[in-house]
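1. everything below, folded, please.
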Amino acid sequence: MTFLEPVTLRGSHASLVPLATEHAMPLVEAVKDGELWKLWYTTVPAPERMQEEIARRLKLQTDGRMLPFTVLNATGTPVGMTTYMNVDATNRRVEIGSTWYAASVQRTPLNTECKRMLLEHAFEKLCCIAVEFRTHVLNRQSRAAIERLGARLDGILRSHTIMPNGTLRDTAVYSVTAAEWPTVKAHLAFQLSRPRA
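-> Reported below is the predicted structural model:
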């Protein structure tokens, strides 16, 4: 058994199912909701590149470097993608990343629940010692969402990557450690118990 095995995680607002090629067309419709591929500070597949992106993620899964999921809303409709990535099985660390959601489900309980399920699986099933989140330093919406989860800023990797438009990305790196997980878990449960998470 490898460190990461495909798994389905189910919640009240969302479910995470193993990414599959048959999800391509519904994900094309999801990415059109908000024209997410036009955002310069993040990398989201354009509709015509969705099949290519799914194939890329599935190849990384085969190589043991990623575990990709399709995000389903409460009615079972695909509304985005997320992954465990930058897998370090030796040190039992993963990053939750390469995440995007249709605009209509952003700022809803869906993201909070997806992150809770992924963190819970990482810490309680995979016995991770830490889980990372990374985003463009200028992606204020993503940084606020990560901080709202209870993750702490580890630092900024300056001139870390080259973006598709040729600009240099400074990457904000956040993490939750195993010792912090019980408090973060209680915090996320509280957020999800409120009318709007």
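2. now do the host helix or strand of L110: which elements does it pack against?
-> Here L110 sits within helix 109-124, counting by DSSP states H and E. Secondary-structure packing of helix 109-124 (3 or more C-beta pairs under 8 Å, 6 or more residues apart in numbering; DSSP states H and E): strand 9-10, strand 14-18, strand 66-73, strand 78-88, strand 93-101, strand 130-136, helix 140-149, helix 181-193. For the C-beta atoms, the positions are set from N, CA and C on the backbone; glycine is no exception.
3. so which of the ones you listed gets nearest E124?
-> Distance to E124, taken as C-beta to C-beta, is lowest for helix 181-193 among the helices and strands packed on helix 109-124, at 8.1 Å.
4. tilt between the closest one and helix 109-124?
-> When axes from the mean of the first three to the mean of the last three C-alpha atoms, to 10 degrees is applied, the directions of helix 181-193 and helix 109-124 differ by 160 degrees.
5. remind me what helix 181-193 packs against, helices and strands.
-> Judged by 3+ C-beta pairs under 8 Å, 6+ apart, helix 181-193 is in contact with helix 109-124, helix 140-149.
6. buried sites along that helix?
-> Going by neighbour count (16 or more other C-beta atoms under 10 Å), the buried part of helix 181-193 is 181, 184-185, 187-188, 191.
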